[in-house]
Structures are given as structure tokens and as C-alpha cells.
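Trainee: I'd like to go over a predicted model; first the sequence, then the structure.
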Amino acid sequence: MIIDDIISIEMCLIKERGNNMKNGYFIVFEGGEGSGKSTILQKIYNWMLEEKKPCIITREPGGIKISEQIREVILDPSNTEMDGRTEALLYAAARRQHLVQKVIPALKEDKIVLCDRFIDSSLAYQGFARGIGIKEIYKINEFAIGKYMPNISILFEIDPKIGLDRINKNKSREVNRIDLEKIDFHNKVREGYNEVFETSKGKMIKIDASKTIEQVYEEVKKIIMLHID
């Protein structure tokens, strides 16, 4: 991975993050498997409803019918032969449909969009961990999302071993194809996220996701309040 490529790409992202949306506010939760981001996302959504803030909750890949169908293909544990570039293209396709059908309309209605994953996941998972290249994955996604970038991304940072242990203990959670990757892959995902974070110039906020759910929730709530209040 060439750090100059990462910096060049992130400078493009910085110019667009938070400057391209006249309406609404786009908040993305990022992190490795078992980081707790989905649990905290639901808690934040419930809090916003109590506060009567106009918001929606969604996820990637998924969020709408077509993207959920693509999700099933990507995450099916039986699809072990899937090529890394195929995986990257499927994520980008699901992202495009989700964006135009759900995210953009909500932002135009002045809503806060809380999304479980967005482009930074692809940069970390397919760009860095799969070894395709962050620059190459950014180009694919640039075509898919156009000018739309999150106002902020919150990175749930955690040791992959702790995250995977959480998954194994949570019998109600689905175990998907990505969960079943070897620990080396998950360590690379963590490294990829940290590369993106280092060049995000404050547009990605990192939190310690190894703390208790309540501690993480309170920290995330404070971060969001600083941005939307």
C-alpha cells in the first residue's frame, strides 16, 4: 500500500465530506466485525426518536430491497469462491442503489441519516485487506456515489480478536462470510481503517469500542450532539 496514494485519495474525500450537502446530515458508523457499531447505532436512533429529531436508520450493504438482495450474495458463507474484485463491485452496486433510493431522498428532506457502513468500509476491507488497492477501490466508489460523502464517520476501534469473540458469544447474530475470514484478514481490516483515519483530517472520529456498551453509547452521543445541535 502506497501512503501517497492514500493521502491523495483522502484529500479528495476531505474536500467533499461535509461540504456537499445543503440538506440533512449524514453520519456513518464504521468498524470491524464485532465492534458493537450496529448495537450503538440502534441505541442512537432510539435516542434521536425520543428527542424528536428527524432521522432514519439504515445499513450497508442493504437498506432497500435491491441492496438487501445483493447483501445476501456477498455475505452468503457458501460463496467462498467469490473474487475480491467481484466483492468490491457488488458492494459498490449495492451502495449506489441504496444511496439514490434511500439516503439522498432522506437528506433532501432535511433528515439525519444514520448509516451502518459506507465508503470507508470498502477502502479498509477490499482496498487494504483484500490487497486490491485503496486508490482502485476509491475510483469504483467515486463512480457509484458521485458527490455524496458523510458529514462525519465514527470509527469503532477494537482488537479483532475481541470483536470475533463477541460474535462467537452472541448466538442471535448471523455469522456471515466476512466473519469467517482468518484473523490475519481482520487484522488487516483494522490496519486499513487506521490508514484511512490517519489521513481523514478530523472527518473520521475514532472511539475505543472495547469499553462497555453504555460507555461507548455515551461517548458517541456526545460526539453526535456536538455536530447536530
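Mentor: Sure thing, it's come through.
Trainee: what residue lies at the spatial centre of this protein?
Mentor: The chain has residue 117 as the residue nearest its centroid, 1.9 Å off, counting by C-alpha atoms, centre = their mean.
Trainee: So for that one, what's the pLDDT?
Mentor: Note for residue 117: predicted pLDDT of 98.
Trainee: What of the one 10 residues further on?
Mentor: Confidence at residue 127, expressed as pLDDT, is 98.
Trainee: same deal with residue 14?
Mentor: Model confidence at residue 14, given as pLDDT, is 41.
Trainee: distance of the residue nearest to the centre of the chain from residue 27?
Mentor: Per C-beta to C-beta, to the nearest Å, residue 117 is found 12 Å from residue 27. C-betas here are computed from N, CA, C, even on glycine.
Trainee: Show me the shaky parts of the protein.
Mentor: 1-22 (pLDDT under 70).
Trainee: quick revisit: got a list of what the residue nearest to the centre of the chain touches?
Mentor: By C-beta atoms under 8 Å, 6 or more residues apart in numbering, the contact list for residue 117 reads 28-30, 59-61.
Trainee: same thing with residue 96?
Mentor: Residues near residue 96 by C-beta under 8 Å, 6+ apart: 144-145.
Trainee: Quick one: name whatever helix or strand follows the helix or strand harbouring it.
Mentor: Secondary structure assignment for residue 96, by DSSP states H and E: helix 84-98. On the C-terminal side of helix 84-98, the nearest following helix or strand under DSSP H and E is helix 104-108.
Trainee: Just the CA trace of that following helix, in CSV.
Mentor: Listed next in CSV are the C-alpha coordinates belonging to helix 104-108 (Å, rounded to 0.1, in the frame of the first residue of the first chain):
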residue,chain,number,x,y,z
ILE,A,104,-30.3,11.1,-0.9
PRO,A,105,-34.2,11.4,-0.6
ALA,A,106,-33.8,11.5,3.2
LEU,A,107,-31.1,14.2,3.1
LYS,A,108,-33.2,16.3,0.8
